[in-house]
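[1] here is my input; please provide its structure:
(chains A, B, C and D)
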Protein chains: 2
Amino acid sequence: MNHRKVNVTGQIGKSDVVRAGTFAFEKENSFVTIKDIADYVGVSTATVSLALSRNARITKETRDKVFEAVKMLNYRPSTAARNLALNRTKTISLILPEIKHLFLQPFFSLSLNGVYDACLENGYRLQIEVASYQFVKRKRYLRLFQERAIDGLLYVGSTLSDLYLNELNDTGFPVVLSGSYLKNSRIPYVIGDNRKGGEIATMHLFTLGRRKIAHIIGSFNIPSAVDRFEGYRKVLREKNLAYSSHFIGIGKFTAEGGFQAMKKILDYEPDAVFAGNDIMAEGAIQAIKDAGLKIPDDISVCGMDDLPLAKRITPALTTVKYDIYKIAYRAARKLIGKIEGKRNGRSSEFVSVKLIIRESCGAKRGK
Amino acid sequence: MNHRKVNVTGQIGKSDVVRAGTFAFEKENSFVTIKDIADYVGVSTATVSLALSRNARITKETRDKVFEAVKMLNYRPSTAARNLALNRTKTISLILPEIKHLFLQPFFSLSLNGVYDACLENGYRLQIEVASYQFVKRKRYLRLFQERAIDGLLYVGSTLSDLYLNELNDTGFPVVLSGSYLKNSRIPYVIGDNRKGGEIATMHLFTLGRRKIAHIIGSFNIPSAVDRFEGYRKVLREKNLAYSSHFIGIGKFTAEGGFQAMKKILDYEPDAVFAGNDIMAEGAIQAIKDAGLKIPDDISVCGMDDLPLAKRITPALTTVKYDIYKIAYRAARKLIGKIEGKRNGRSSEFVSVKLIIRESCGAKRGK
DNA sequence: TTGTAAGCGTTATCAA
DNA sequence: TTGATAACGCTTACAA
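    Numbering: from 1, shown residues only, chains lettered A, B, ... in the order given. Predicted coordinates for the structure are as follows:
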C-alpha cells in the first residue's frame, strides 16, 4: 500500500506542504482529518461524514471501507470543528458555591459524583465552575452561555440570593438546580423532601417520649435547611410542644458549628436534638459528651443525610436518609434532557427520604 | 441609530435571511458574531479581530469604536470557532482515579481546589475525568488528546500501574502528575516530600523515647505511601530499632482501614504508631481508645497531611503538614506552563513538609 | 492602517 | 448513492 505510515498515537507522518510560504516545510504533529480518510478511501468528505454517522443512504460497502480507514489511520474527529458545525459542545458546567474546602463537604462531593456519572452515561463532558464573587458580579455565567462554551448549566447548592440564575434561565438556556431551589423562579430543580425529613426526624423523637426537642439549622439562607426546620416546627405545632428560640442553634453545616450551637442549647436542658445534617450532629454529640451527658439516655440525637460517618461514630447515628448522589444524578439527567429537547415529565422532581434507626435516639431496632 | 436592537442577554433581534431555502425565515436566538461588529463599525472582520486582540497596528480610534460596538451589541466570541482557528481549547482535564466516594477523600477534594484555582487564574477551563476501567482500557485518555478536546492532562493520585500515561506523554502531549509519580517515566510531577515526612514523624516518636514504633501504610501500590513507609524504615535502621512486619498494617487510606489495622497491631504492644495519613490515624486512635489505652501516655500517635480534622479530634493530632492544595495548584500551573511552551525550571518539583506538634505524641508544645 | 481571502475540520444542502 | 460546496465564526498571511 502506498498509504502513509501511522503510529500508535494516531498521528501520521504527513508531508503536506503547508500554506504557500517561501519555504515549504513538513507539517509536524498534524492530526488525521476527515479529508485524509476521504483521500484514503477515495470518496468525498461528505461521504465519510455520512458513513461515520451511519447514514442509511451510504452503502454498507463504502461504510465498511470508511471505518477500516478510520482504524488504519487512527482518525478522531476534531471536537472544535464539530462543535462549530453543530453549534453544541456536549459539555455541561457544574456550578458550585464558593466555600472553603468545598469538596470536603459530603454534600458537594457526593453531588459531583452523581453529576459525573450522569455525564459519563450520556457522553457529556463535565466542566467545573465555582460561583465566586467574580463569577456572579462579572456575569461569567452569562459569558459561558454567550461564548457557547457549554450546552447547559447545573447549579448545586444555590442560595436564596442567587437570583441572577433567573436571568440566564429566561434566555432559554438550559439551567437546572440540584439539591436546592429558588423562590418565585421557574428554574427546574431536583431535590430531596427536606420538609418531610424534618418531620420524620422530629416525629421519631416525639414518639420516643421526648418533649424538649432542640434543632440545629445549617443556615436560614439555604432553602433546604429552612425546609428541614419547617418540618421540625410543623411537628412541634401539631403536638403542641412549645417552640423556643433557645432551642434553635445555627450550625453552619459544620461539625464545629454543630458543637458550638449544641453547647449553647445545653443550658436549656433539652432532651433531644434534631441536627440539620449528620456533620452538625457529630459536633453536637461531641458537645453533649463533653457536658458529661449520655446519648441517648439523657439526650437523643437525630441527624439527617445518612452520610458514611453516621454509621461510624459512637453512638451510631439515627438519621434521615437523603440521597444526595441520586439527587445530583437525576438533576444532571434532567439537564441533559432539556438540552436535547426532551420533554421529561414534570419540570421539578422530589427524591424521597427515609428514617434510618441506629443508636443515638434510643429506639429499638426494627421498630 | 439604525442599528439592531439588543437585549440584555447578548442576543440581538436579527432578521437575517438564513441559507437559501424555499422560505426565508427569521433566524431566532442567533448570536452576535464578529461580522455583526464589523458591519456595525463599518470595518472588516480582520480589523475587528485585530482590534480585539489589541494589536498595535490598529488605530486607537477604530479600536475604541470596536470595543464600543462590542459593548453595545454584547458580543462574545464563539469558543468553538476560536478553538478551531487557534487549535487549542484553553481547557485542561483533571483525571482522578476511580474510587468510591472519591471526593470525600480530602486528598482529592483538596487537589481539586488547588487545580481549580490555578485554572481560574490562568483563564483555563477545568474538565473532570475519572480514570475508570473504560477510560483506561478503551484508551479514552488518548481520545481526549486526539479529538483535541483538551490542551493538557493533569493526573491526581496515579498508581504505579498507570503506565499507559507514558504512551500519552511520549506523543508530546502535555501531561503532569500531581501528588504522585511513575517509576521509570519522564512525566513531570509535583509532589510533597513523602520520604522526609516519614522520617520526621518517626524521628519525632523516637525522640520522645518510643522504641516500638508501628506504621500503618495506605497501600503498597501507591508511590507516595511507599515513600512515607521508607522514611519510617530509614529511621528504624539508623536508630537500630527492630523492624517487624507485625508492626506494619495496611489501612487503605480510610478511617475504617486504620481502625482495623491498628487493632491487629495492638496485639504486639507498640508504644507508638505513625499512621500514613490523618484519616487512618483517626481510625487508629479509635482502636486504641477502644482497647482502653491512653493517648499519648500508653501510645503516641502521629499522622500525616495535617487535614482540618487533625485539630478537631481528641487528642489533637500531631502530624506532618503535607500541603495537598499547594501541590495540586503548582502541578496545574506547571501543566499550563508546559501547554504554553514555557520552560519553567526543573521538570518536577517537591513541596516541603513540616512537623506540626499537637497532643497525640506527648511532646511539649514549642519544643 | 486596513481589507481580502484562506484556513481551521467538521456538517449539511443540493445537485448529480 | 455520492460529490461539490457552502456554512459554522474565528485568526492571520499577505496585499493594498
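
[2] for whichever residue of the stretch 151-300 of chain A sits closest to DNA strand C, what are its contacts?
    Closest contact between the stretch 151-300 of chain A and DNA strand C, by Cβ to the nearest atom of the strand, is at A:Asp151 (15.1 Å). (Each C-beta comes from the backbone N, C-alpha and C, glycine too.) Neighbour list for A:Asp151: A:Arg88, A:Thr89, A:Lys90, A:Thr91, A:Ile92, A:Tyr124, A:Pro174, A:Ile339 [criterion: Cβ atoms under 8 Å, 6 or more residues apart in numbering or on different chains].

[3] ok, now how distant is it from DNA strand D?
    15 Å (Cβ to the nearest atom of the strand, to the nearest Å).

[4] what number of residues lie near the closest residue to that residue other than its chain neighbours?
    Leaving out its chain neighbours, the residue that sits closest to A:Asp151 by Cβ to Cβ, 6 or more residues apart in numbering or on different chains is A:Ile339, at 4.8 Å. By other Cβ atoms under 10 Å in any protein chain shown, 21 other residues sit near A:Ile339.

[5] what does A:Ile248 give?
    A:Ile248, neighbours per other Cβ under 10 Å, totals 18.

[6] just to revisit the earlier point, show me which of the contacts of A:Asp151 is closest to A:Asp64.
    A:Lys90 (26.8 Å; Cβ to Cβ).

[7] and the contacts of A:Asp151, which of them are in strands?
    Of the contacts of A:Asp151, the ones assigned to strands by DSSP state E are A:Thr91, A:Ile92.

[8] and the buried ones among the contacts of A:Asp151, selectable in PyMOL?
    In PyMOL, the members of the contacts of A:Asp151 classed as buried (16 or more other Cβ atoms under 10 Å in any protein chain shown) are selected with the following command:
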select buried, chain A and resi 88+89+90+91+92+124+174+339
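
[9] let's have the contacts of A:Asp151 in CSV, adding pLDDT.
    Converted to CSV, those look like this (pLDDT from 0 to 100):
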residue, pLDDT
A:Arg88, 95
A:Thr89, 96
A:Lys90, 97
A:Thr91, 97
A:Ile92, 97
A:Tyr124, 96
A:Pro174, 94
A:Ile339, 94
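
[10] just to revisit the earlier point, tell me the contacts of the residue nearest to A:Asp151?
    A:Arg88, A:Ile92, A:Asp151, A:Gly152, A:Pro174.

[11] list, one by one, the residues from the stretch 1-150 of chain A near DNA strand D.
    A:19-22, A:42-47, A:50, A:57-59, A:61-62, A:81, A:84-85, A:87 (Cβ under 7 Å from any atom of the strand).

[12] can you rerun that using 6 Å?
    A:Gly21, A:Val43, A:Ser44, A:Thr45, A:Ala46, A:Thr47, A:Arg57, A:Ile58, A:Thr59, A:Thr62, A:Leu84, A:Ala85 (Cβ under 6 Å from any atom of the strand).

[13] quickly name whichever of those is closest to B:Glu269.
    The closest of those, once distances to B:Glu269 are taken by Cβ to Cβ, is A:Leu84, at 68.8 Å.

[14] what about that closest one, which SS state?
    helix (DSSP: H, G, I helix; E, B strand; the rest coil).

[15] could you count how many residues lie near the residue nearest to it when sequence neighbours are not counted?
    Of all residues beyond its chain neighbours, the one nearest A:Leu84 is B:Ala80 (4.1 Å), with distances taken as Cβ to Cβ, 6+ apart. Neighbours of B:Ala80 under the rule other Cβ under 10 Å: 23.

[16] quick revisit: closest to DNA strand D out of the contacts of A:Ile339?
    Scanning the contacts of A:Ile339 for proximity to DNA strand D, where the rule is Cβ to the nearest atom of the strand, the winner is A:Arg88, at 11.5 Å.

[17] ok, the closest one - contacts?
    Counting by Cβ under 8 Å, 6+ apart, A:Arg88 has contacts A:Asp151, A:Ile339.

[18] now swap in the one 10 residues further on and tell me
    By Cβ under 8 Å, 6+ apart, the contact set of A:Glu98 is A:Val130, A:Ala131, A:Ser132, A:Tyr133, A:Phe135.

[19] farthest-separated two in those residues?
    Longest span within the contacts of A:Glu98, Cβ to Cβ: A:Val130 and A:Tyr133, 10.1 Å.

[20] among the two, which residue is more densely surrounded?
    Using other Cβ under 10 Å as the criterion, A:Val130 and A:Tyr133 rank with A:Val130 on top: 19 against 8.

[21] after the strand or helix carrying that one, which helix or strand is next? Please name it.
    In this assignment (DSSP states H and E), A:Val130 forms part of strand A:125-131. Where DSSP H and E defines the elements, the next helix or strand beyond strand A:125-131 is helix A:133-137.

[22] show me which positions of the lowest-mean-pLDDT helix or strand in chain A end up buried.
    Of all helical and strand segments in chain A, the minimum by mean pLDDT, DSSP states H and E falls on helix A:133-137, at a mean of 81. By 16+ other Cβ under 10 Å, the buried positions in helix A:133-137 come out as A:Phe135.

[23] now stretch A:267-287, how far from the chain's geometric center?
    27 Å (Cα atoms, centre = their mean, to the nearest Å).

[24] repeat that for stretch A:159-179.
    Per Cα atoms, centre = their mean, the centroid offset for stretch A:159-179 relative to its chain is 15 Å.

[25] do that stretch and chain B meet at all?
    Yes: applying Cβ under 8 Å from any Cβ of the partner chain, one finds stretch A:159-179 in contact with chain B at A:Glu167, A:Asp170, A:Thr171, A:Gly172.

[26] could you tell me how many residues sit around the last one?
    Meaning A:Gly172. A:Gly172, neighbours per other Cβ under 10 Å, totals 12.
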